[in-house]
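Enquirer: here's a sequence, model it:
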Amino acid sequence: MPANVLSSDELAQGFRLLFDGTSTNGWRGYRLPTMPAGWRAVNGALMRVSQTSDIITVDEFENFELRLSWRIPPGGNSGIMYHVTEEGAAVYTSGPEMQVLDDSGHADGRSRLTSAGSAYGLYAAPAGVVRRAGQWNDIRLIIRGPLVEHWMNGVKVVEYELWSDEWTHKVQASKFVQWPEYGLARRGHIALQGDHDGAVSYRSIRIRMLP
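Expert: Numbers count the residues shown, from 1 in each chain. Have a look, this model is predicted:
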């Protein structure tokens with residue numbers, strides 16, 4: 001299947017593209033009206049090409065299935081956040097993160113809690129699922145009410161329930177406790193992290209609403 005094209009099944013399921021493969025339409029900087037310098041559409045991918053900041057979707061979403069592919073260079077680090085609001089100074093003060101990482105080349109890969117596919121700092125992802133740096137990883141992020149699933153390369157790597165006693169305990173024991181807005185929004189923007197090093201690329205970004 002070519003990148004940035006919906007399959008007939010995806011069209012029937014109600015998916016739409018969040019990235020057209022040639023422009024940054026539909027995205028803007030966090031707390032900015034336009035896209036920050038450093039993000040470009042390059043060879044069919046939405047790519048961080050230089051020092052920059054995080055970006056968010058123009059639209060907000062509540063219950064959804066997000067599908068995309070990401071590729072990261074050796075030692076690279078990025079992330080996908082959801083239900084992001086613009087209350088705080090950064091996307092991660094409100095939006096839970098699905099980690100994007102070169103596990104073998106970055107220090108965060110030493111802990112399953114901060115490795116690729118994890119719910120960053122809260123729920124660990126198993127080893128051996130992420131592909132090596134320079135290869136594309138296929139992602140599904142499913143948000144249905146409080147229920148969240150992280151899928152990577154066809155494997156469900158994380159599952160958790162927002163606002164549950166377990167989730168609340170984990171947040172209170174993490175760095176996120178310092179931000180009272182963290183993880184509480186029922187809807188918000190999808191964010192891609194650009195404030196770390198590495199020319200991360202995203203493509204085939206598509207979404208469908210869930211009841």
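Enquirer: all contacts plus neighbour counts: C-alpha atoms, from now on.
Expert: Noted.
Enquirer: CA atoms only: put the lengthiest helix in the chain into PDB for me.
Expert: When the chain is parsed with DSSP state H, its longest helix is helix 165-172. C-alpha atoms of helix 165-172 as PDB (Å, rounded to 0.1, in the frame of the first residue of the first chain):
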ATOM      1  CA  ASP A 165      -7.000   3.900  40.700                       C
ATOM      2  CA  GLU A 166      -4.000   2.200  39.100                       C
ATOM      3  CA  TRP A 167      -3.500   5.000  36.600                       C
ATOM      4  CA  THR A 168      -3.900   7.700  39.200                       C
ATOM      5  CA  HIS A 169      -1.400   6.000  41.500                       C
ATOM      6  CA  LYS A 170       1.200   5.700  38.700                       C
ATOM      7  CA  VAL A 171       0.800   9.400  37.700                       C
ATOM      8  CA  GLN A 172       1.200  10.500  41.400                       C
END
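Enquirer: tell me which strands and helices the very next helix or strand once past it is in contact with?
Expert: Following helix 165-172 in sequence order, the next helix or strand is strand 189-192 (DSSP states H and E). In terms of contacts (3 or more C-alpha pairs under 8 Å, 6 or more residues apart in numbering; DSSP states H and E), strand 189-192 is packed against strand 55-57, strand 77-84.
Enquirer: tell me the contacts of residue 100?
Expert: 70, 72, 77, 78, 79, 80, 115, 116, 117 (C-alpha atoms under 8 Å, 6 or more residues apart in numbering).
Enquirer: doesn't it fall inside a helix?
Expert: No. Counting by DSSP: H, G, I helix; E, B strand; the rest coil, residue 100 falls outside a helix, being strand.
Enquirer: any idea how far the residue nearest the centre of the chain lies from residue 13?
Expert: Closest residue to the average C-alpha location of the chain: residue 80 at 1.4 Å, with C-alpha atoms, centre = their mean. From residue 80 across to residue 13, the span is 23 Å (C-alpha to C-alpha, to the nearest Å).
Enquirer: what of residue 85?
Expert: Separation of residue 85 from residue 13 (C-alpha to C-alpha): 27 Å.
Enquirer: just the strands in this protein please.
Expert: Assigned by DSSP state E, the chain shows strands spanning 16-17, 27-29, 39-42, 45-48, 55-57, 64-71, 77-84, 97-101, 137-144, 147-152, 155-161, 189-192, 201-209.
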